[in-house]
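Colleague: Here is my input; please provide its structure:
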Amino acid sequence: MYLRCTMGLSNTLLVMALLLYGAASVKSQAYFNKTGELPCLFINSENISVDELVVFWQDQNKLVLYELFKGKENPQNVHPKYKGRTTFDKDNWTLKLHNIQIKDKGSYQCFIHHKGSKGLVPLYHMSSDLSVLANFSQPEIMVTSNRTENSGIINLTCSSVEGYPAPKEMYFKLKTENSTTKYDTAMKKSQSNVTELYNVSISLSFSVPEASNVSITCVLKLETMELHSLPYNIDAHTKPPPARDPILWIAALLVMVFLCGMVLVFFLTLRKRKKKQPGPSHECETNKMGRKESEQTKERIQYHVPERSDEAQCVNISKTTSDDQSTTHF
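Modeller: Below you'll find the model as predicted:
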């Protein structure tokens, strides 16, 4: 009985010692480009002055983020990648890391030592695991060009950008009046070499049910939540227009060009024939002009010759008789 009590007390002391020296690890999360917190759950039960303590944090690569030496910040031991990015909260023994990047995820340790006459005496050590999140944009559905002959086939693409970590799943959900169908497709992922953020997208070609209203939604499934796109609605009376085959359009264009060419040739030929038709000869024109002048002359003669009156006739007769007498007398 005494042995069991002794073993229980020893285990309790071991657990307390492990907690005291940071064997337990705390998990924390931070968002991309925001501020993260690296806690150090130190309980200063002895009310040791900060002027007697040496406090610092280091990452998993043993690079120093921050150091407080006997109450004063010591930037000389801080690695350049962390300079100007940290703030120490003395009230709750927490280090704030600003402008969080994806590469900042990992394990961090805080150390607290007592600086006394006997040198540095370790008081507390704790580890924390920092995970970094970046919110994906709301998924967006886009209709791509439709090159299929079947008017009932529609091509869709859904995309979401700048998120972390990579999503678990991305799919289309098609809802009609009578059913809901899930369309799983291969998710395409690309990661930036600079920010390490992900861009994801999926594509789908499917047949739209006839005589039915359809609502299509894109779903992005993350570790802790789901993001839904705005619905893309297809009305039963406004189905997607039939695809236009480029070959048919080219053939129709050639036929139109041919017909236009035939009409042009016809008009040119007709115009050329009209130019070749003989006109009235010069002789005919001369005859016409002669006849016209003769008629005009006759009109003038008739106009200038006076009508012969009886008086005029008598005068002429008298003159003639007188002339005859004169001749006889001679």
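
Colleague: can we go C-alpha only for contacts and neighbour counts from here?
Modeller: Will do.

Colleague: Report the separation between I154 and V132.
Modeller: Counting by CA to CA, to the nearest Å, the gap from I154 to V132 is 38 Å.

Colleague: same question, F69
Modeller: 29 Å.

Colleague: okay, the two: which has more neighbours?
Modeller: Between F69 and V132, counted using other CA atoms under 10 Å, V132 has the larger neighbour count: 21 against 18.

Colleague: which SS class is the more buried one?
Modeller: The three-state label given to V132 by DSSP: H, G, I helix; E, B strand; the rest coil is strand.

Colleague: Got the confidence number for it?
Modeller: On the pLDDT scale, V132 is placed at 97.

Colleague: got a list of what it touches?
Modeller: With contacts defined as CA atoms under 8 Å, 6 or more residues apart in numbering, the neighbours of V132 are 29-32, 100-102, 104-105, 164.

Colleague: okay, the residues you listed in JSON lines with secondary structure, neighbour count and pLDDT next?
Modeller: Listed next are the contacts of V132 as JSON lines, based on DSSP: H, G, I helix; E, B strand; the rest coil; neighbours: other CA atoms under 10 Å; pLDDT from 0 to 100:
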{"residue": "Q29", "secondary structure": "strand", "neighbour count": "15", "pLDDT": "95"}
{"residue": "A30", "secondary structure": "strand", "neighbour count": "23", "pLDDT": "97"}
{"residue": "Y31", "secondary structure": "strand", "neighbour count": "17", "pLDDT": "97"}
{"residue": "F32", "secondary structure": "coil", "neighbour count": "21", "pLDDT": "98"}
{"residue": "I100", "secondary structure": "coil", "neighbour count": "18", "pLDDT": "98"}
{"residue": "Q101", "secondary structure": "coil", "neighbour count": "19", "pLDDT": "97"}
{"residue": "I102", "secondary structure": "helix", "neighbour count": "20", "pLDDT": "97"}
{"residue": "D104", "secondary structure": "helix", "neighbour count": "17", "pLDDT": "97"}
{"residue": "K105", "secondary structure": "coil", "neighbour count": "18", "pLDDT": "97"}
{"residue": "Y164", "secondary structure": "strand", "neighbour count": "21", "pLDDT": "97"}
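
Colleague: I'd like those as a markdown table, with distance to H113 appended.
Modeller: As requested, these are arranged in a markdown table below (distance: CA to CA, whole Å):
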| residue | distance to H113 |
| --- | --- |
| Q29 | 27 |
| A30 | 28 |
| Y31 | 31 |
| F32 | 32 |
| I100 | 28 |
| Q101 | 30 |
| I102 | 31 |
| D104 | 25 |
| K105 | 26 |
| Y164 | 37 |
